[in-house]
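K.L.:
fold the following and give me the result.
(4 chains)
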There are 2 protein chains.
Amino acid sequence: MASTAPATAPLDAGTPGNMADVRRSNLALVLGRVVQSPAGFHLTRAQLAAATGLTKASVSSIVLDLLDAGILREVGLSRQGERGRPGVGLELNPSRGVMGMEINVDYIAAGVTSLSGELVVKEVRERDNRDSASGAVMSALAALALGVRQAASALGVDVLGGGLAVPGLVEAGSSTVTVAPNLGWVDTKLDVARLLPGVPLGVSLFNEANAAALAELAHSPHGRDFLFISGEVGVGGGLVLNSELFTGPEGNAGEVGHIVVDPEGTPCSCGGTGCLETIAGQDAIFSAAGITVKGRTRTESMADLLGALAAGSPAALTAVQRAGRALGVAVASASRVVNVRAVVLGGHFAVLDQWLHGPLLESLAKYAPGALPPEHVITSTVGDAGALLGAAGSVVRSLVEAPYRLQA
Amino acid sequence: MASTAPATAPLDAGTPGNMADVRRSNLALVLGRVVQSPAGFHLTRAQLAAATGLTKASVSSIVLDLLDAGILREVGLSRQGERGRPGVGLELNPSRGVMGMEINVDYIAAGVTSLSGELVVKEVRERDNRDSASGAVMSALAALALGVRQAASALGVDVLGGGLAVPGLVEAGSSTVTVAPNLGWVDTKLDVARLLPGVPLGVSLFNEANAAALAELAHSPHGRDFLFISGEVGVGGGLVLNSELFTGPEGNAGEVGHIVVDPEGTPCSCGGTGCLETIAGQDAIFSAAGITVKGRTRTESMADLLGALAAGSPAALTAVQRAGRALGVAVASASRVVNVRAVVLGGHFAVLDQWLHGPLLESLAKYAPGALPPEHVITSTVGDAGALLGAAGSVVRSLVEAPYRLQA
DNA sequence: CTTATATAGTTCAAGCGATAAACTAACTTG
DNA sequence: CAAGTTAGTTTATCGCTTGAACTATATAAG
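P.N.:
Below is the predicted model:
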C-alpha cells in the first residue's frame, strides 16, 4: 500500500522568507519523493537529485538531516550488476508509525500504519456512540488507542502522531466538532491530545469523508483533483484539489450531501430542502425501498436491501435508481462550481454501484454533458478503512511538509 | 480607487528552492504591502519593515531593487511634526501603467490604469462582434489598444502589460477560448501578444466574470473569499478563494450559470437541463417578462424591463422573482461545495437587485439555512467597468508576484 | 543655543543554504 | 589490472537575511 501523496511546503505567504524556509521546502521536496516512491523500491541520493532537480551535494546534506531525525534509513545497495558504484538505497524508517483513529455511530477504531502506509495493527471496538457524551467516547477511544500503541510498540513501531476522523463537521484546523448529527454533538471541543500523550506530531481532527478522501488520494488512480462522495447515514464529501484536501475558509467545503437536487423536495436534517441526503442517504433509501431499520443494525438493513435488489424488488430498484439520479444532479452542479475531473464513490454508494452507476451517468449526461468523462466516475479503491487510513496518512503529510518538527 | 489585493508568491512546490526564491518572496511581500496601502498614504521603509516582519536592512535592499526597476518611487518626507528623523515616503511609480481590454458582444474596450489602479485613459468602441471572425475582432481591438496606449504615453504613463477579458471559457493559463457562445467562437486561439507589442509583462486572457471578480476583490469589502455572479446574456461566475481567483484544473470553475436549479427545467445552451442560466439569464428574464428583444439593443430591452417593473407588471415581477429564487438555489448549492462566505452580484443582477434581493434571500434560507449571513449577499461595488479593471489589475498582481520580471 | 532623545536608514560582519567543480569511493568491463 | 562509469563527499563561492553598530535628521528639554 502506498502512502499519502506529498505536497511540498511553500513559503508562507505574508511572512518573511529566509533560508530556513528554503531548507524546509527542499527537505519536503526530497522526503516527498521518497514517500511517493513505490513500496519496496529504494531510491538513492543520486536518483533523488535527478528527480528533484537539486544538486547531489544538497541532497546529501538533506538526507543526512532526515537520517539524523530518524525519518529515513539506509538500506543495502541498489543497482547491483550495472556499471559504476552502486548507490545506497533509502527508505522510510520502518520503526516509525502513525495512528489513525475513528469515532463512528456504532464503533470506535484505532490502527497504526508505518510511514509508508502499511497497516501494522488495527483494532475495532463495537460501541453505540449515539447521544453518548463526547468525554465518555473519548475515554473509550483513549483506552483503545493506548492498547494499539503498545501493540505497535511491541512490533517495534513507535507512533509519531495521529489523526482522528469523526462523522461531523470540523472547524478548519481546530479540534472542535461544529455539529455531528448522528452522534448528537454540537460545538464539541475534543481533547484530542490525550489520545496519544507525548507524541511529537500531535493529533489532528478530521471530518470522516475528508479523511477518506485523503486515503483515496494516496491510492489515487484519479489524479490530483477529484470529489469523493461517501454514502453513510448522511452523505459526506471530500474535495481534493491539486493533491490537497480543500476544506474552505470555515472548514465545511465539499459538503455535497446538502447540494439542492430537488427544489420541490422534502426537508433535510440540515434545515434545508431537497438536499442530496434526503434522497441518497441510507435512511432515505431504506425508507423508499421499504426496508425495516428499527431494531436492526445498519449492516443487517443493508443486507436486506441487497437481497431485495437481487430479488428484483421494484421498490428497492426505484429507490436506488432515484438516489443515482440525485447523485448525478449533485455531481453536475458541483462540477460547475469547482471543475472536478473525477468522482469517487464510497460507503454504500460503492456497495450499490451496480444499480446506481447507470442512473448516475444518465443523469450527469442530462444535466452537465461533457463536464467530466463517464469513466472518471469510479468507486472507492480503499473501502471501509478509508477514514482510518486517511487520518493516519494525514500525519505523514504533515511530517513531509515540516520534517523539522521531529528534530526539535 | 485601490488596486488589486496582493498575494505574496510562494515557492513553487515541486521545484527546488534557493535563495533567489526567498528574494522573490520577500520582494512580493514588500511590494504587496505598498500596493495594499490606501491611495495617498505613503509607507516608509521603517513602516514596511514593521509591517512585514523583515529587518530594516532587508527592506532597504529590497526597496532599492524596486526603485531600480522603476516600480517604486520616493516621494518627499513623511511623519513631519513628530520626534526623530522623518522617513522617506514610497509610492508606486505613477509613470507605469497596465492595460485592461475587453471584447464583448456589442463593443470592444481598452483602458489604462496606473499601478495603483487609477484609470488614466479609457475608450469604448461599439462593434457587433456576434459571429465575427476572431481575427477581425482582434485587429480592431489592436488598433484601439494602440490608440489608448499612445494616449497614456502622452500623459506620461508607460504600459507594462495587459489583460484581456472575453465572454467565454478560457483554458487555464493559456490564450485559447474554449467556447464563447455569444461570439460564436469555439476552441479559438487568440494572438493576444500582438495587442501590446513589446510590453515586458505580456498580455494574459481571462473570462469576463473572472476578471470582474478580481476587480471586486480589489475593492473588496467582502474579504478574501466570495463568489461573484454576473448576469449578462449568460450567467457567469468568478470564485475567489483566499484572495486568489480559483479557476480549477481546467479553468472553468466558478461557472455557476450552469448549476442545476430545476431538474424538471428546460434545456440550456450548454446542453444541460434546468441550469441557472435558463431562468436567470437575460434572454430568459426578457422572455418570461414579455419584453421584446428582436430589433432592439440590450440596453433598450433592459430599460423596458425596468419600466415594466416600476409600473408593477405582474409578468415582469414574476420573471425577476423567479430568477431571484433560482439564484438562491444556486448559491445554496455552491456554498455547500466550496463554503463561500459572501456573494457579490453584478451585471443585470445588480441592476435588478431591489426586486431580486428578497426572493434570493428567502430561497437561500429555505435551501441552505445558515450557510452564509444575509448581509453577505451584496451587489457589485465596481459596476460595468469590472471586467476591464480586473483584467488590468491582474497584471499588477502578476507584477507583485514576480517583480523580477521587470529587471531582466 | 546646546544637549538629550527618538526615529530612519545604511553599513558591516556573520551565518546559512544552494551550487558547481573537484575529488574520493566502489563497482563493471575488457 | 587499467579504464570507464556511476555514487557520494568535500571545498570554495555566491547570495540573502540578520543583528548590531553606526550615521543622519528630526523634536524636546534645559
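K.L.:
A:Val329 contacts A:Val261, correct?
P.N.:
Yes - counting by Cβ atoms under 8 Å, A:Val261 is a contact partner of A:Val329 at 4.3 Å. Where you see a C-beta, it was placed from the backbone N, CA and C, and this is true even at glycine.
K.L.:
what do those two both touch?
P.N.:
Shared contacts of A:Val329 and A:Val261 (Cβ atoms under 8 Å, 6 or more residues apart in numbering or on different chains): A:276, B:260, B:263.
K.L.:
want to throw those residues into JSON lines with distance to DNA strand D?
P.N.:
Shown next, in JSON lines, are the shared contacts of A:Val329 and A:Val261 (distance: Cβ to the nearest atom of the strand, whole Å):
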{"residue": "A:Leu276", "distance to DNA strand D": "48"}
{"residue": "B:Val260", "distance to DNA strand D": "49"}
{"residue": "B:Pro263", "distance to DNA strand D": "55"}
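K.L.:
of all the residues you listed, which comes closest to DNA strand C?
P.N.:
Distance to DNA strand C across the shared contacts of A:Val329 and A:Val261 (Cβ to the nearest atom of the strand) is lowest for A:Leu276, with 46.5 Å.
K.L.:
what about the helices in chain A?
P.N.:
For chain A, the helices defined by DSSP state H cover A:19-36, A:45-52, A:56-68, A:134-154, A:208-218, A:277-280, A:282-289, A:298-310, A:314-338, A:348-351, A:353-367, A:386-401.
K.L.:
now do the domain split for chain A, please.
P.N.:
Per automatic domain parsing, the domain ranges recorded for chain A read A:19-92, A:96-214+A:386-406, A:223-381.
K.L.:
chain center to the second one: distance?
P.N.:
So that's domain A:96-214+A:386-406. With Cα atoms, centre = their mean, to the nearest Å as the basis, domain A:96-214+A:386-406 stands 12 Å off its chain's centre.
K.L.:
that domain near chain B anywhere?
P.N.:
No - residues of domain A:96-214+A:386-406 are not located near chain B by Cβ under 8 Å from any Cβ of the partner chain, the shortest gap being 9.0 Å.
K.L.:
that older thread, could the domains of chain A go into TSV alongside mean neighbour count?
P.N.:
Listed next are the domains of chain A as TSV, based on neighbours: other Cβ atoms under 10 Å in any protein chain shown:
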stretch	mean neighbour count
domain A:19-92	17
domain A:96-214+A:386-406	21
domain A:223-381	21
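K.L.:
need the helices of chain A in CSV (columns: distance to A:Gly168 and mean pLDDT).
P.N.:
Compiled in CSV, the helices of chain A are given as follows (distance: least, Cβ to Cβ, whole Å; pLDDT from 0 to 100):
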stretch, distance to A:Gly168, mean pLDDT
helix A:19-36, 29, 95
helix A:45-52, 39, 96
helix A:56-68, 36, 97
helix A:134-154, 10, 98
helix A:208-218, 8, 96
helix A:277-280, 14, 97
helix A:282-289, 16, 96
helix A:298-310, 17, 95
helix A:314-338, 20, 97
helix A:348-351, 18, 97
helix A:353-367, 25, 98
helix A:386-401, 12, 96
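K.L.:
looking at these, which is closest to A:Trp185?
P.N.:
With Cβ to Cβ as the criterion, A:Trp185 lies closest to helix A:134-154 of the helices of chain A, at 5.7 Å.
K.L.:
for that closest one, name the packing helices and strands.
P.N.:
strand A:96-103, strand A:107-114, strand A:119-126, strand A:158-166 (3 or more Cβ pairs under 8 Å, 6 or more residues apart in numbering or on different chains; DSSP states H and E).
K.L.:
who touches stretch A:312-323?
P.N.:
A:279-280, A:284-285, A:288-291, A:305, A:308-309, A:352, A:355-356, A:358-359.
K.L.:
near DNA strand C too, which of the shared contacts of A:Val329 and A:Val261?
P.N.:
Residues of the shared contacts of A:Val329 and A:Val261 in contact with DNA strand C (Cβ under 7 Å from any atom of the strand): none.
K.L.:
about what we covered before: need the helices and strands packed on helix A:134-154 in TSV with distance to B:Leu54 and mean pLDDT, can you?
P.N.:
TSV is the format used below for those (distance: least, Cβ to Cβ, whole Å; pLDDT from 0 to 100):
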stretch	distance to B:Leu54	mean pLDDT
strand A:96-103	36	98
strand A:107-114	41	97
strand A:119-126	45	97
strand A:158-166	32	97
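K.L.:
can you redo these as TSV with distance to B:His376?
P.N.:
Formatted as TSV, the helices and strands packed on helix A:134-154 follow (distance: least, Cβ to Cβ, whole Å):
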stretch	distance to B:His376
strand A:96-103	33
strand A:107-114	38
strand A:119-126	43
strand A:158-166	28
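K.L.:
take those strands and write them to JSON lines, including distance to DNA strand C.
P.N.:
Below are the helices and strands packed on helix A:134-154 laid out as JSON lines (distance: least, Cβ to the nearest atom of the strand, whole Å):
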{"stretch": "strand A:96-103", "distance to DNA strand C": "23"}
{"stretch": "strand A:107-114", "distance to DNA strand C": "27"}
{"stretch": "strand A:119-126", "distance to DNA strand C": "32"}
{"stretch": "strand A:158-166", "distance to DNA strand C": "22"}
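K.L.:
and these: which comes nearest A:Thr176?
P.N.:
A:Thr176 lies closest to strand A:158-166 among those, at 10.8 Å (Cβ to Cβ).
K.L.:
the closest one pairs with which strands?
P.N.:
strand A:96-103 (parallel), strand A:203-207 (parallel) (DSSP bridges).
K.L.:
can I get those in CSV including distance to A:Leu31?
P.N.:
Shown next, in CSV, are the strands paired with strand A:158-166 (distance: least, Cβ to Cβ, whole Å):
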stretch, distance to A:Leu31
strand A:96-103, 12
strand A:203-207, 19
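K.L.:
pick out the residue of chain A closest to DNA strand C.
P.N.:
Going by Cβ to the nearest atom of the strand, DNA strand C is nearest to A:Arg85 of chain A, at 3.1 Å.
K.L.:
so what's that residue scoring on pLDDT?
P.N.:
pLDDT, A:Arg85: 92.
K.L.:
cool, and the one 10 residues further on?
P.N.:
According to the per-residue confidence, A:Ser95 scores 96 in pLDDT.
K.L.:
so it touches A:Val159, yeah?
P.N.:
No - assessed by Cβ under 8 Å, A:Ser95 is found out of contact with A:Val159, at 10.7 Å.
K.L.:
list the contacts of stretch A:65-77.
P.N.:
Against stretch A:65-77 from outside (Cβ under 8 Å, 6+ apart): A:27, A:30-31, A:34, A:42, A:63, A:86-94, A:96, A:115, A:399, A:403-404, A:406-407.
K.L.:
actually stretch A:270-282, not the one I wrote
P.N.:
A:231-235, A:256-269, A:284, A:298, A:301-302, A:322-323, A:326-327, A:329-330, A:348-349, B:332, B:366-370.
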